[in-house]
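Participant: sequence first, predicted coordinates after that:
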Amino acid sequence: MNSITTTFTQGGNTQSMSTNCSYLGTIQCDIADGMAFIVSNWEGDDSWLRKDRCSGGCPGGSVETISNITVQTGTVKPSSCGGGPPGPYDPSKYQFGNGCAHATDGQCGTEGCPSTDHCKWSWPWGESYDGPNADCRCDIATQ
């Protein structure tokens, strides 16, 4: 995923906003799992939104209220996000390096790693040891 479109509709009016960002692929599962929807205005001229509530700067900061909003999301979940509970942990999907300090470091604790001897720094095959998916993992399957 490298683009996203948000469309607002009210009555017969429609406004769409799109963006193309390479980082969207890293959050596609978060979006598919219901990431929060936020509306904000950062230090821009929002007089078009405030209308005649105040002129110039609004003392104490202006407050806009959005009400009666409904969020409709797509129904397609990217295949890379899975669709059900995760399968059993498979250490063969990772390369392992040095040991971690504790048997509960990183993902070792959730994997039920039996000892510090088996909790090691790891990263998925084909990725870097210092990449975003690197973490402490158990080098044996325990469940």
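Facilitator: Here it is on my side, so go on.
Participant: let me see the domain layout of this structure.
Facilitator: 3-78, 91-138 (automatic domain parsing).
Participant: worst average pLDDT in those domains?
Facilitator: Here the lowest mean pLDDT among the domains of the chain goes to domain 3-78, at a mean of 67.
Participant: the helices in the protein, which residues?
Facilitator: Applying DSSP state H to the chain gives helices spanning 28-32, 47-50, 108-111.
Participant: buried residues of the first one, list them for me.
Facilitator: Meaning helix 28-32. By 16 or more other CB atoms under 10 Å, the buried positions in helix 28-32 come out as 28, 31, 32. Backbone N, C-alpha and C define where each C-beta goes, glycine included.
Participant: could you do the last one as well?
Facilitator: The neighbour-count criterion (16+ other CB under 10 Å) identifies 108, 111 as the buried residues of helix 108-111.
Participant: pull the residues that contact that helix.
Facilitator: Helix 108-111 has contacts (CB atoms under 8 Å, 6 or more residues apart in numbering) with 89, 100, 102, 103, 118, 119, 136, 137, 138, 142, 143.
Participant: surely the fifth one touches residue 138?
Facilitator: So the one you mean is residue 118. Yes: the criterion here is CB atoms under 8 Å, and residue 118 meets it with residue 138 at 5.2 Å.
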